[in-house]
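Peer 1: here is a sequence together with a model predicted from it:
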Amino acid sequence: MATTQKYRMIAVNSVLGEDVLLFGRMTFTEQLGQLFAGHLELFSEKTDIKLADVLGTNLTVRLALPYQQGTRYFNGFVTRFSYEGTRGLRYGVYRAELNSWLWFLTRTSDCRIFQNKTVPDIIKEVFRGHGFTDFKDKLSGSYRQWEYCVQYRETDFNFVSRLMQQEGIYYYFEHENGKNSLVLADGVGSHGGFPKYESVPFFPPDAHDRRERDALSEWLIDQSVQPGAYFLNDYDFTAPRKSLRAVLNQPKAHAQSGFEMYDYPGEYTELGDGNSYSKIRLEELLAQQEVARGRGNAAGLAAGYLFSLSNCPRDDQNRKYLIVSATHHLESDEYESFSGYGISGKPYQGEITAIDAQQQYRAPRITPKPVVQGPQTAVVVGPAGEEIYTDQYGRVKCQFHWDRYGKADENSSCWIRVAQGWAGKKWGTVYLPRIGHEVIVEFLEGDPDQPIITGRVYNGINMPPYALPDNKTLSTLKSLSSKGGGGFNEFRFEDKKGEEQIFLHAERNEDIRVKKDALEWIGEERHLIVKKKQFEQVEGEKHLIVKSGAGGKGDQFEQVAGEKHQEVKQDWNQKVGGSLSLKVGMDRQEKVGLRHALDAGMEIHLKAGMKVVIEAGVQLTLKAGASFVDISPAGVVISGAPLVLINSGGAAGSGSGSSPTAPTAPTAPKEAANDQPGQITDTQAAPLQKKSQSLDSVSVSDLQTPQAKALAAAAKNGTPFCEICEAAKRGGA
């Protein structure tokens, strides 16, 4: 006849069906804010069970509580299953490890970014992303919205655990027939009592005759010195002088309780968040200041539940407690054909740790935050159609290489600050990385939530402006016109020996403003080409010296293709050391306001092709030696020394004529060097669509009803059902 667990106090059911696996022993540990773990020893009349048929499946252990107080379930998934030989004549021995569905998050890791979400929202998104919905939200607090929160090279379990510990959130599990549910908690209002175990008495180990039910037989109290204050600080670059110092003082009533913990950074930019975090950090420590430890056979005491202790010899201990952790030891009686199994006769024994229910519990921050070990590179991104995407602080957004969900757009990251050479108050350097550029990203204190751009690098798409290593002596600062490209500005240095050059290219305008002196020294030639117009204004004086030297005789050449207009407001003094040649193609007009004096050392020759008119308003005089002709309104006076000859011989004098030298044309200036603009870089990403999975649960058949009937019948008839059950009925340990 096959072995059945139908009437046993403890039973197990698995995906294999009823009574295929038989319960032997189990140690089950649970703690607030941590995974539970069950270690089971199981038996089966089948010694050839395929381990893979059980591994990863749901399993439930049912414990019938004594004194007809109901049933307690331990449910989880088998995360380890092993075969360990045979025992007795019929049974194979198997061992199983039982864990929550949350445990599976230790078997998956990721790198991803969450933006503008609260921690509860992030946690639920992670859970649902794996198809897990067996959780309850019993949170009562309000939680800040995280602008930027990164899961970086860590398991999903590590990620949600550290976020909860950061925010003061913890969890416990409710077990049902066929499933376990995670309960998110943040205060005493998140907890209740286990049915029939809202109040549990204390009875000494030797007080069996006074016991009315299962109870605690050992109660210990432990107190330790903890800090009485917690001080946090941080920095907000948008308000550098804003104080973010947050401190909470709440020392316990004992000596040496006033010590203070100080930490920076507190990971906040609002003082209200800092006050909340300092409170959470201190509550985390004070929750460890007084801890009670109990032991007994009260099987309904579980982590996350409240109970009131009664009948304790120390009356100050008879109060309400929150159970922080519990360890349960379950043991079945022997099966047929066993020998030497070592049955203790105690189907259930348990230990708990608890704190006063009035003391706020916070889980210890035992989960480390990943540290980015060094710099990374990323690609600058932004909205479609943009080439430069920034905010008022010169920040940009990036697509990280490890982010497989980002779409390389304006939502790929938070705004990231960009290091500049100088950063003063309305002065400094500004070089904004553009969309498509690869940048070097570092992280403040290695925190993946705190990226900062410290540099830029070229890559296989964005190559340097000039081919290397051919142009290894070239240094340049070269930009690209935006939007659309096609133009550039550049400041370039060539350091090749014998070809040294500074090259400046302005795609459109160049504006230079010098508030004092501008000094320029050119060793050889200077060439200037102005394609349209040149305007100059000198408000003081202008001096031009053309000297002879190694480069020439000191000549100046000037050529004007059109008209030349020149105005001198005061004196114009000219001195020509050699000859002055002037050739006018058409008219020459000259007007002098007062006197016009012309003095030639040898000859003055005036010649006109048609006529010469000399006109004076008062007097006109022609003089040669002692002879002269004087014309005035009074008449004409002619005086010859010694004679005046009229039609009496003589001859007219002749001049040497006019033959002005043609000006030498100036040498045409040389064109400055030129270059070509660069190209625009686009960005691309192929975001991954995360797949979810579902887990099947296996329920234990309703075994409690027939067992309860059997127990009730045995009690009515006065005959024991079995020794184990009878002991349970008496509440014996």
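Peer 2: That came through, no problem. Residues are numbered from 1 along each chain as shown.
Peer 1: H505 is in contact with F488, correct?
Peer 2: Yes - using C-beta atoms under 8 Å, F488 is in contact with H505, at 6.7 Å. All C-beta spots, glycine's among them, are computed from the backbone N, C-alpha and C.
Peer 1: where along this structure do the helices fall?
Peer 2: Using DSSP state H, the helices of the chain run over 51-54, 119-129, 156-167, 271-286, 704-717, 723-730.
Peer 1: ok now the shortest one, how far from the chain's centre?
Peer 2: Here the centre of helix 51-54 is set off from its chain's centre by 44 Å, with C-alpha atoms, centre = their mean, to the nearest Å.
Peer 1: cool, the second one as well?
Peer 2: Distance, stretch centre to chain centre, for helix 119-129: 20 Å (C-alpha atoms, centre = their mean).
Peer 1: relative to helix 156-167, how tilted is it?
Peer 2: Helix 119-129 runs at 160 degrees relative to helix 156-167, counting by axes from the mean of the first three to the mean of the last three C-alpha atoms, to 10 degrees.
Peer 1: point out where this protein drops to low pLDDT.
Peer 2: The model of the chain has pLDDT under 70 over residues 1, 207-211, 334-345, 685-686, 688-733.
Peer 1: which one's the longest strand in it?
Peer 2: Ranked by residue count under DSSP state E, the longest strand found in the chain is strand 71-87.
Peer 1: how distant is that strand from the center of its chain?
Peer 2: Centroid displacement of strand 71-87 relative to its chain, using C-alpha atoms, centre = their mean, is 44 Å.
Peer 1: flag every buried residue along it.
Peer 2: Across strand 71-87, burial judged by 16 or more other C-beta atoms under 10 Å covers T71, R72, Y73, F74, N75, G76, F77, V78, T79, F81, R87.
Peer 1: partners of it in the sheet?
Peer 2: Here strand 71-87 is paired, per DSSP bridges, with strand 58-64 (antiparallel), strand 91-99 (antiparallel).
Peer 1: D587: which of those strands is closest?
Peer 2: Among the strands paired with strand 71-87, strand 91-99 comes nearest to D587, with 110.1 Å by C-beta to C-beta.
Peer 1: contact partners of the closest one?
Peer 2: With contact meaning C-beta atoms under 8 Å, 6 or more residues apart in numbering, strand 91-99 is reached by 21-22, 24, 26, 28, 35-49, 54, 59, 61, 74, 76-87, 335, 337-338.
Peer 1: can you tell me which residue is spatially central in the protein?
Peer 2: P451 (4.2 Å; C-alpha atoms, centre = their mean).
Peer 1: picking that back up, what's the most buried one of the strands paired with strand 71-87?
Peer 2: strand 58-64 (a mean of 24; mean count of other C-beta atoms under 10 Å).
Peer 1: quick one, domains of this protein?
Peer 2: 10-221+290-366+702-730, 225-286, 371-462 (automatic domain parsing).
Peer 1: as JSON lines, the ones you listed with distance to P663 would be great.
Peer 2: Shown next, in JSON lines, are these (distance: least, C-beta to C-beta, whole Å):
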{"stretch": "domain 10-221+290-366+702-730", "distance to P663": "73"}
{"stretch": "domain 225-286", "distance to P663": "66"}
{"stretch": "domain 371-462", "distance to P663": "50"}
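Peer 1: tell me the contacts of the closest residue to I435 other than its chain neighbours?
Peer 2: Excluding the flanking residues, the one nearest I435 by C-beta to C-beta, 6 or more residues apart in numbering is G382, at 4.7 Å. Counting by C-beta under 8 Å, 6+ apart, G382 touches I388, Y389, V396, K397, D409, E410, I435.
Peer 1: what about these, which are in strands?
Peer 2: K397.
Peer 1: just curious, which of the contacts of G382 is nearest to S325?
Peer 2: Looking across the contacts of G382 and measuring by C-beta to C-beta, the closest to S325 is K397, at 44.2 Å.
Peer 1: the closest one: neighbour count?
Peer 2: When counting by other C-beta atoms under 10 Å, one arrives at 24 neighbours for K397.
Peer 1: surely it and S413 touch.
Peer 2: Yes - applying C-beta under 8 Å, one finds K397 in contact with S413, separated by 4.9 Å.
Peer 1: mutual contacts of the two, please.
Peer 2: Counting by C-beta under 8 Å, 6+ apart, the shared contacts of K397 and S413 are V381.
Peer 1: out of the strands paired with strand 71-87, which gets nearest to Q317?
Peer 2: Nearest to Q317, of the strands paired with strand 71-87 and by C-beta to C-beta, is strand 58-64 at 27.1 Å.
Peer 1: could you export the closest one as CSV, CA atoms only?
Peer 2: C-alpha atoms of strand 58-64 as CSV (Å, rounded to 0.1, in the frame of the first residue of the first chain):
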residue,chain,number,x,y,z
ASN,A,58,6.2,25.4,-7.0
LEU,A,59,6.0,23.4,-3.7
THR,A,60,3.9,23.8,-0.6
VAL,A,61,4.3,22.5,2.9
ARG,A,62,1.2,22.4,5.1
LEU,A,63,1.4,22.5,8.9
ALA,A,64,-1.7,21.7,10.9
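Peer 1: I'd like the numbering to begin with 4 instead of 1 from here.
Peer 2: I'll keep to 4 as the first residue from here, and by that count the last item is strand 61-67.
Peer 1: centre of the chain to that strand, how far?
Peer 2: Here the centre of strand 61-67 is set off from its chain's centre by 46 Å, with C-alpha atoms, centre = their mean.
Peer 1: list phi and psi for the spatially most distant residue from the centre of the chain.
Peer 2: Note on the chain: the largest C-alpha distance from the chain mean falls to S651, namely 114.2 Å (C-alpha atoms, centre = their mean). Dihedral angles of S651 (phi, psi; degrees, to the nearest 10) stand at phi -130, psi 50.
Peer 1: wait, what's in contact with the closest residue to Q687 other than its chain neighbours?
Peer 2: Distances taken as C-beta to C-beta, 6+ apart put A411 closest to Q687, at 6.0 Å, once the chain neighbours are dropped. The contact partners of A411, by C-beta under 8 Å, 6+ apart, come to V382, V384, Q402, T686, Q687, A688.
Peer 1: one more: A305?
Peer 2: By C-beta under 8 Å, 6+ apart, the contact set of A305 is E33, R75, Y175, H178, F197, I326, A329.
Peer 1: tell me which of these is nearest to R407?
Peer 2: Of those, the one sitting nearest to R407 (C-beta to C-beta) turns out to be Y175, at 33.3 Å.
Peer 1: check contacts around D394.
Peer 2: W418.
Peer 1: and the gap between it and R28?
Peer 2: D394 sits 62 Å away from R28, going by C-beta to C-beta, to the nearest Å.
Peer 1: the stretch 304-453 of the chain: strands as residue ranges?
Peer 2: 309-313, 323-334, 351-359, 379-384, 400-403, 420-421, 441-446 (DSSP state E, counting those that start in this stretch).
Peer 1: quick one: which of these is nearest K556?
Peer 2: strand 420-421 (56.4 Å).
Peer 1: parallel or antiparallel, list what pairs with the closest one.
Peer 2: Sheet pairing for strand 420-421, assigned by DSSP bridges, gives strand 454-460 (parallel).
Peer 1: what residues does the strand it pairs with touch?
Peer 2: Contacts to strand 454-460, defined as C-beta under 8 Å, 6+ apart, come from residues 378, 380, 399, 401, 416-417, 419-422, 436, 440-447.
Peer 1: residues contacting the residue lying closest to E674 once chain neighbours are set aside?
Peer 2: Spatial nearest neighbour of E674, excluding adjacent residues (C-beta to C-beta, 6+ apart): I532 at 6.8 Å. Taking C-beta under 8 Å, 6+ apart, we find I532 in contact with P672, E674, A675.
Peer 1: would TSV of those with neighbour count and distance to D140 be doable?
Peer 2: Formatted as TSV, these follow (neighbours: other C-beta atoms under 10 Å; distance: C-beta to C-beta, whole Å):
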residue	neighbour count	distance to D140
P672	12	79
E674	8	74
A675	11	71
